[in-house]
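Engineer: What follows is a predicted structure for the sequence shown.
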Amino acid sequence: GRRGAGRADSVKNEGMDRFTIFQKRMASMYDSQPVQITVAILIGLNFLANAAQAETNPVEGEFSYTFFNGLDLAFTILFTVELAVNLVANWFWTFVNDGWSMFDFVVVAISLTALGVEDLPGVSTLRLMRAFRVMRLFGRLASLRQIINSLTASILPVMNAFLIMLLVTSIYAILAVNFFQNRQPEFFGRFSTALFSMFQVCTGDAWASEIARPLMMRNATGHISETWEEGRLDP
C-alpha cells in the first residue's frame with residue numbers, strides 16, 4: 001500500500017516537474033525581446049487596419065469589407081494564440097494578478113464573442129473594443145508602461161486638486177446666483193446653472209461673448225442698460 005502510494009506521488013511529482021519545466025520554457029520564450037517586439041508590431045498593424053477601415057468605411061458586399069473582416073479574423077486568432085501562450089507561461093495567479101494580462105484577456109474574449117455570436121444584441125458595440133487593442137502596447141513597451149504607471153499614481157493627487165477647484169468654483173457660483181440671477185437667469189438663475197457657467201468661464205469657452213459681455217449689457221432688472229445703448233460700458 002505504501003509503495004503504491006509512493007509510486008503515485010512520484011508520478012504526480014514527475015508530471016508537475018514536467019509542466020513546471022515546460023512552463024518555464026514557455027515563459028522564457030514569451031518574455032524574450034523578439035516575441036514581445038513581434039506582438040507589439042502585430043498590435044500596431046491591427047490598429048492601422050482598424051484606422052484604415054474606419055477611414056474607408058466599407059459597405060457589406062464590397063471587397064474591402066471582406067478584406068478587413070478577414071484581417072480582423074486573422075488578428076483575433078493571432079492574439080488568441082498569444083493570450084494562450086501568456087496564460088500557460090504565467091499560470092495561474094501570476095496571470096490573474098497582472099492587470100495588463102487581464103486587460104488582454106478581456107479584449108480577446110470580447111473579440112471572440114463578437115466573432116462567434118453574430119446575432120448577439122449589441123454585437124456592433126462589442127466590435128468597437130477592437131480599437132482598444134492598441135492599448136496593449138502599454139503593457140509591452142517599458143517606456144509607455146512607465147508613463148501609464150505615473151499617470152495612474154497621479155490620479156489621487158489630481159482628484160484632490162480637482163476637489164479644491166470644485167469647492168472654489170462652487171463658492172463663486174453661490175455668489176453669482178446672489179449677484180446676477182436677475183441679470184442673467186439663464187446662466188445664474190440657480191446654483192446648478194451658475195456652477196456650469198463658472199466652469200465655462202474657467203475653460204475660456206466663449207466666456208466673453210456669451211457670459212461677460214451680455215452681463216455687462218444688462219442692469220439689475222435684467223433689461224438692456226440705457227447707458228450701454230448710449231455707448232458707455234457702465235451698466
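Structural biologist: Received the coordinates, thanks. Residues are numbered from 1 along each chain as shown.
Engineer: List the buried residues in stretch 185-198.
Structural biologist: Using 16 or more other CB atoms under 10 Å as the test for burial, stretch 185-198 gives 187-188, 193-195, 197-198. Bear in mind the C-beta positions are built from the backbone N, C-alpha and C, glycine included.
Engineer: Quick one: end-to-end length of it, please.
Structural biologist: In stretch 185-198, first residue to last residue: 14 Å (CA to CA, to the nearest Å).
Engineer: Could you give the separation of it from the chain centroid?
Structural biologist: 31 Å (CA atoms, centre = their mean, to the nearest Å).
Engineer: what does stretch 194-205 give?
Structural biologist: Worked out by CA atoms, centre = their mean, stretch 194-205 lies 26 Å from the chain centre.
Engineer: hmm, back to that, between the buried residues of stretch 185-198, which sits nearest Asp72?
Structural biologist: Nearest to Asp72 among these is Leu195, at 44.4 Å by CB to CB.
Engineer: And that closest one, how far from Gln184?
Structural biologist: Distance, Leu195 to Gln184, using CB to CB, to the nearest Å: 14 Å.
Engineer: And Leu137, by the same measure?
Structural biologist: In terms of CB to CB, Leu137 sits 48 Å off from Gln184.
Engineer: what does Gln33 give?
Structural biologist: In terms of CB to CB, Gln33 sits 62 Å off from Gln184.
Engineer: circling back to that earlier point, so which two of the buried residues of stretch 185-198 are the farthest from each other?
Structural biologist: Phe187 and Leu195 (10.6 Å).
Engineer: list residues touching both of the two?
Structural biologist: Common contacts of Phe187 and Leu195 (CB atoms under 8 Å, 6 or more residues apart in numbering): none found.
Engineer: Give the full set of residues in contact with the nearest residue to Ala194 once chain neighbours are set aside.
Structural biologist: Spatially, and ignoring its direct neighbours in sequence, Ala194 is nearest to Ala173 (4.1 Å; CB to CB, 6 or more residues apart in numbering). Ala173 is in contact with 191, 194-195, 197-198, counting by CB under 8 Å, 6+ apart.
Engineer: of the residues you listed, closest to Met217?
Structural biologist: Once CB to CB is applied, the member of those that ends up nearest Met217 is Ser197, at 16.0 Å.
Engineer: What strand or helix carries the closest one?
Structural biologist: Assessed by DSSP states H and E, Ser197 sits inside helix 191-203.
Engineer: Next SSE downstream of that helix?
Structural biologist: helix 213-217.
Engineer: Output that following helix as CSV, restricted to C-alpha atoms.
Structural biologist: Below are the C-alpha coordinates for helix 213-217, written out as CSV (Å, rounded to 0.1, in the frame of the first residue of the first chain):
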residue,chain,number,x,y,z
ARG,A,213,-20.5,90.9,-22.4
PRO,A,214,-24.2,90.2,-22.2
LEU,A,215,-23.9,90.5,-18.4
MET,A,216,-22.4,94.0,-18.8
MET,A,217,-25.2,95.0,-21.1
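Engineer: any idea of the mean pLDDT for that helix?
Structural biologist: What helix 213-217 shows for mean pLDDT is 80.
Engineer: Any idea how far that helix is from the middle of the chain?
Structural biologist: 40 Å.
Engineer: buried residues in it?
Structural biologist: Applying 16+ other CB under 10 Å to helix 213-217 flags 215, 217 as buried.
Engineer: Among Leu137 and Gln184, which residue is more densely surrounded?
Structural biologist: Gln184 (20 against 16; other CB atoms under 10 Å).
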